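Trainee: sequence and predicted structure are below.
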Amino acid sequence: MSTSRRPAASLAALAVAALMTASCTAGAHGGTADASPAGRSGAGASGASEERACAKGEFHWGGVQRRGVLAAVSDPLRVRIAAGETRQTRLTLLPLRSIQATVSPSGRLTAADADAAVAALERRTGLSLARAGTAWTLEDADEVSDTEGTGPYDGVMVASVGVLLVEAPFTRNCSGTGRPPVRGTVATFSTVPYSDLLTCGVDESLPAVAAQAEALVCGDGTRATA
């Protein structure tokens, strides 16, 4: 393992990171409608049937903004691996922030409006997004980061978890229901987090979230040899 490069993350972490990278290639702006085929409501349709028709209405987006944030990080861990030796290192992650998915303002927006807005934004971005009222948590399976490396290596490792925040204002038109357009903003997050592993003090270009982790954690702090 060389100190000039970041240690390799686990295959699972790399797969998640690759999925997030692929997801982030979707277009981020646009004001065109996001529409599903219009349905018909029978005579004397109830409020429920009108809501179903509205669910097949169209959304116009004022623009989609994406931002990766540092959501969890490990303590720094000094690791020494002798030349030719291969060993596994485990880092324990702790959450840094709480993240809540919302659709606002509440005004004329119903719960069905909020769900439809998030679903439409998923179609728009190609991302799996959290529904309104959902909070991001560090799952048990994500609380540790395992990596295997071969020496020589002597450095201080840090693991991080990032979450992609997604925000977009919208107008929802409910054609054929008699309802006026409703407007609001979706502020949510991708349900697929991504992870990174770095060595403190190495002069290299880091992804934005990993750079935040390095600035936050590395400093002068180290732990005992793994």
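Mentor: Thanks, I have the structure now. Residues are numbered from 1 along each chain as shown.

Trainee: any idea what the most centrally placed residue in the chain is bridged to?
Mentor: Central residue of the chain (Cα atoms, centre = their mean): L164, 2.9 Å from the mean position. Per DSSP bridges, the residues bridged to L164 are G68.

Trainee: equivalent analysis for A135, please.
Mentor: Under the criterion used (DSSP bridges), A135 bridges to Q100.

Trainee: my guess is R124 contacts G62, does it?
Mentor: No: applying Cβ atoms under 8 Å as the test, R124 and G62 come out as separate, 11.8 Å apart. Where you see a C-beta, it was placed from the backbone N, CA and C, and this is true even at glycine.

Trainee: any residues in contact with both of those two?
Mentor: Residues touching both R124 and G62 by Cβ atoms under 8 Å, 6 or more residues apart in numbering: A168.

Trainee: those two: which is more packed in?
Mentor: Taking neighbours as other Cβ atoms under 10 Å, R124 and G62 compare with R124 leading, 22 against 14.

Trainee: for the more buried one, pull up the helix or strand it's in.
Mentor: helix 111-125 (DSSP states H and E).

Trainee: send the alpha carbons of that helix over as PDB?
Mentor: Only the C-alpha atoms of helix 111-125 are listed here, as PDB (Å, rounded to 0.1, in the frame of the first residue of the first chain):
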ATOM      1  CA  ALA A 111     -50.100  14.600   1.200                       C
ATOM      2  CA  ALA A 112     -50.900  13.200  -2.200                       C
ATOM      3  CA  ASP A 113     -49.400  16.300  -3.800                       C
ATOM      4  CA  ALA A 114     -46.200  15.800  -1.800                       C
ATOM      5  CA  ASP A 115     -45.900  12.100  -2.800                       C
ATOM      6  CA  ALA A 116     -46.600  12.900  -6.400                       C
ATOM      7  CA  ALA A 117     -44.000  15.700  -6.400                       C
ATOM      8  CA  VAL A 118     -41.300  13.400  -5.100                       C
ATOM      9  CA  ALA A 119     -42.300  10.600  -7.600                       C
ATOM     10  CA  ALA A 120     -42.100  13.100 -10.400                       C
ATOM     11  CA  LEU A 121     -38.700  14.400  -9.300                       C
ATOM     12  CA  GLU A 122     -37.500  10.700  -9.300                       C
ATOM     13  CA  ARG A 123     -38.600  10.400 -12.900                       C
ATOM     14  CA  ARG A 124     -36.900  13.700 -13.700                       C
ATOM     15  CA  THR A 125     -33.500  12.900 -12.100                       C
END
